[in-house]
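# got a sequence here, can you build the structure:
(chains A and B)
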Amino acid sequence: MSKIFDVPLYAYTRSPDQDEGMPVRHPVVIIGAGPVGLATAIDLAQQGIKTVILDDNDRVSFGSRAICFAKRPLEIMDRLGCGERLVEHGVQWDTGKVFFDTRQVYEFSLTEEEGHKNPAFINLQQYTFEQVLVERIREMQAEGAPIEIRGHNKVEAIGQHDTHVTLEVDTPEGSYTIEAQWLVACDGANSPTRRMLGLDFDGQVFEDNFLIADVVMKADFPSERWFWFDPPFNRGQSALLHKQPDNVWRIDLQLGRDIDKEREKRPENVMTRLKEMLGDEAEFDLEWVSIYTFQCCRMERFRHGRTLFAGDSAHQVSPFGARGANSGLQDADNVAWKLKLVLDGKAPETLMDSYHTERAYGADENILNSTRSTEFITPKSEMSRILRDAVLDLSAHHEFAQPLVNSGRLSVPCTYDGSMLNSADALAAPDLTRPGSPCPDAPLGEDNLLGKLGNAFILLTIDADAPDSFEEDGVTVSRLALSVRDDPTLTLKRQYLGDATAGVYLIRPDQHVAARREAFDEPHFRAALRRATGKE
Amino acid sequence: MSDKLILSPNLDNADGFFDALARAHDGLKKSSSDALNARLIFLLANHIGDNEVLDEALNAAQASGHQR
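Sure, this is the predicted structure:
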């Protein structure tokens, strides 16, 4: 049976652009059909922006790669019309166990938040994630959406200009040139775009090697995240076991520094290691094996003229905490609405600088967390290891030590505190929904709050008066009028009002809060809208 | 610079505590002693809880080392 990553999903076909005498100019070109590029394209096309994705390949990624998708990215995927399909395919989990040597020292539970439509996490192979997004694109194309994926279109050269970017694209039938008003580079950790523009990374390289193996086995391990420090089957190192759909299990084994990669990758050596871990009687097949090292780093700026970097091309983290793909999808969420407004002439080009500011802030948060996890998991000095082991020993006996155990701090949504797009907080309500926060979900009868926010500016009024809509300098805001009574679970009240009796929220197209006050005060909300669109 | 960390004598029984600490290490290998000290640091740190006090203690420990 052929696996999904062996099947061409967007085979090369000749584009009319290749037969034009002059380069055709597109509003947006995206390089890379990975999760971030596909999501960005869907978001833009859903808002009517003509988008072309160029990929040097014609199929989904090889091997499972990113496997943990957090709630916030699933909410973004809901907005893009494919969140439910992803959740259906995925394995839900909410329990993590931590072992030290042969003992379980700690167990945690990702508690479901009442009233939120999406689970805290699902596990899903990156290839399935990409496949669902490609299916979503095919569905949009059938409805006439302006979106296109060009397989085997490899960008060979990039020219930056004030008003556009020029791309030399190589195909099986020779090369051609196209132009893009805006280019979004989603071409991964080794981004050729970054290299072609002579840009570099700044950050910390970690020297430990990790063996990643996907095994297919019928096992009755529960759907939990199991993490070992110093287990008998991998002495002095760490290990991780995580369930994926279709009886595929992800195993991560730390190998240490200075190893012979080719030797470790040989199937017989991998099988020996896995048998020590899973027991001699376990029957399994290897689906995918890879050895990786990683770095925690980011570009100094995510915007260079008309080129924007998103996902791994802009920032990289260690895998602990599932902050790679999850943060890349938040980049897509942030960049698309801004491009839409700028391309429509409704916001100044400088709005794109806020993409850098907000997402670099998110990247720094992820880098900090994943670096700390890495240092706990792979202690660099003898004393770091002594301190680490002390925490693990204590955690088996005393609850206080459990928060110190760091086997990865799982991805949480980024709140853009201090963003230039935020207005000062003017409502005495919970911090959870302060300006810059992603809106937390709430149940509204058959619907949910996030489903009603959509992807345009919204004025959410809770037991407060306001006009049905208003327009400021070309940008329209529509009102969503709610009452705390619309949600008998009181999730809406708990999250958006707290002790306040009424509230008015200005919500951005990416469902982040831009401003909030206790009543609709027109001049303030007009100013807030100007600020949220880069005009103040 | 705040001064939340108590740096004046505060132990109920100074000699008794020193003795108990030293005795706890009797007969231990260096690695076991190091581990014991590390566990003790985390127990005491959690009891204190206040990050400012802990930072001041870290600074005071760093500043009062004997150069050899």
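
# residue 34: neighbour count?
Using chain A. 26 (other Cβ atoms under 10 Å in any protein chain shown). Every residue, glycine included, has its C-beta placed from N, CA and C.

# chain B is the one I meant
19.

# so it sits against A:I386, correct?
Yes - counting by Cβ atoms under 8 Å, B:D34 does reach A:I386; the two are 4.9 Å apart.

# helices of the chain, start to end?
With no chain named, the answer covers chain A. Assigned by DSSP state H, the helices in chain A fall at A:35-46, A:71-79, A:83-89, A:126-142, A:192-196, A:261-265, A:267-278, A:324-343, A:351-377, A:382-397, A:449-453, A:491-496, A:522-532.

# wrong chain, I was asking about chain B
For chain B, the helices defined by DSSP H cover B:14-24, B:30-48, B:51-63.

# chain A is nearest to which of the ones you listed?
Smallest distance to chain A across the helices of chain B (Cβ to the nearest Cβ): 3.5 Å, for helix B:30-48.

# is chain A within reach of that closest one?
Yes - using Cβ under 8 Å from any Cβ of the partner chain, helix B:30-48 reaches chain A at B:S31, B:D34, B:A35, B:A38, B:R39, B:I41, B:F42, B:L43, B:N46.

# thinking again about what came up before, for the helices of chain A, which one ends up most surrounded?
Of the helices of chain A, the one with the most neighbours on average (mean count of other Cβ atoms under 10 Å in any protein chain shown) is helix A:35-46, at a mean of 28.

# in terms of secondary structure, what does it contact?
With contacts defined as 3 or more Cβ pairs under 8 Å, 6 or more residues apart in numbering or on different chains; DSSP states H and E, helix A:35-46 has these neighbours: strand A:24-31, strand A:51-54, helix A:71-79, helix A:126-142, strand A:147-150, helix A:324-343.

# to A:P467, which of the helices of chain B lies closest?
Set against A:P467 and scored by Cβ to Cβ, the helices of chain B come closest in helix B:51-63, at 47.1 Å.

# mind listing what residue 60 touches?
Chain wasn't specified; assuming chain A. Residues counted as contacts of A:V60 (Cβ atoms under 8 Å, 6 or more residues apart in numbering or on different chains) are A:I4, A:F5, A:L9, A:Q126, A:Y127, A:E130, A:Q131, A:V134.

# ah, I was thinking of chain B
B:A60 neighbours (Cβ under 8 Å, 6+ apart): B:L5, B:L7.

# and what of B:A57?
B:L5, B:I48.

# thinking again about what came up before, now render the helices and strands packed on helix A:35-46 as a markdown table, adding distance to A:V60 and mean pLDDT.
Shown next, in a markdown table, are the helices and strands packed on helix A:35-46 (distance: least, Cβ to Cβ, whole Å; pLDDT from 0 to 100):
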| stretch | distance to A:V60 | mean pLDDT |
| --- | --- | --- |
| strand A:24-31 | 16 | 98 |
| strand A:51-54 | 13 | 98 |
| helix A:71-79 | 16 | 97 |
| helix A:126-142 | 4 | 97 |
| strand A:147-150 | 11 | 98 |
| helix A:324-343 | 13 | 97 |
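
# nearest to chain B, out of the ones you listed?
Closest to chain B of those is helix A:324-343 (Cβ to the nearest Cβ; 27.2 Å).

# other SSEs contacting that closest one?
strand A:24-31, helix A:35-46, strand A:68-70, helix A:71-79, strand A:174-185, helix A:351-377.

# go through those and name the closest to A:Q204.
Closest to A:Q204 of those is helix A:351-377 (Cβ to Cβ; 6.5 Å).

# just the angle between the closest one and helix A:522-532, please?
Interaxial angle, helix A:351-377 versus helix A:522-532 (axes from the mean of the first three to the mean of the last three Cα atoms, to 10 degrees): 70 degrees.

# ok so, going back, quick check: the farthest pair among the contacts of A:V60?
Farthest-apart pair in the contacts of A:V60 is A:L9 and A:Q126; separation 13.5 Å (Cβ to Cβ).

# tell me both backbone torsions, phi and psi, for A:D417.
The phi and psi torsions at A:D417 (degrees, to the nearest 10) take the values phi -60, psi 140.

# and it, what does it touch?
Counted by Cβ under 8 Å, 6+ apart, A:D417 has contacts A:Y361, A:R434, A:G436.

# contacts only, for A:A219.
Per Cβ under 8 Å, 6+ apart, neighbours of A:A219: A:N247, A:W249, A:L278, A:A282, A:F284.

# how many residues are close by A:S223?
So A:S223, with other Cβ under 10 Å, has 13 neighbours.

# A:S437 too?
21.

# A:T476 too?
A:T476 has 12 neighbouring residues, counting by other Cβ under 10 Å.

# again with A:F108
16.

# give the bridge partners for it, please.
A:G96 (DSSP bridges).

# spatially central residue in chain B, please.
With distances taken as Cα atoms, centre = their mean, the residue of chain B nearest its centroid is B:I41 (6.2 Å).

# list the contacts of that residue.
A:L387, A:A390.
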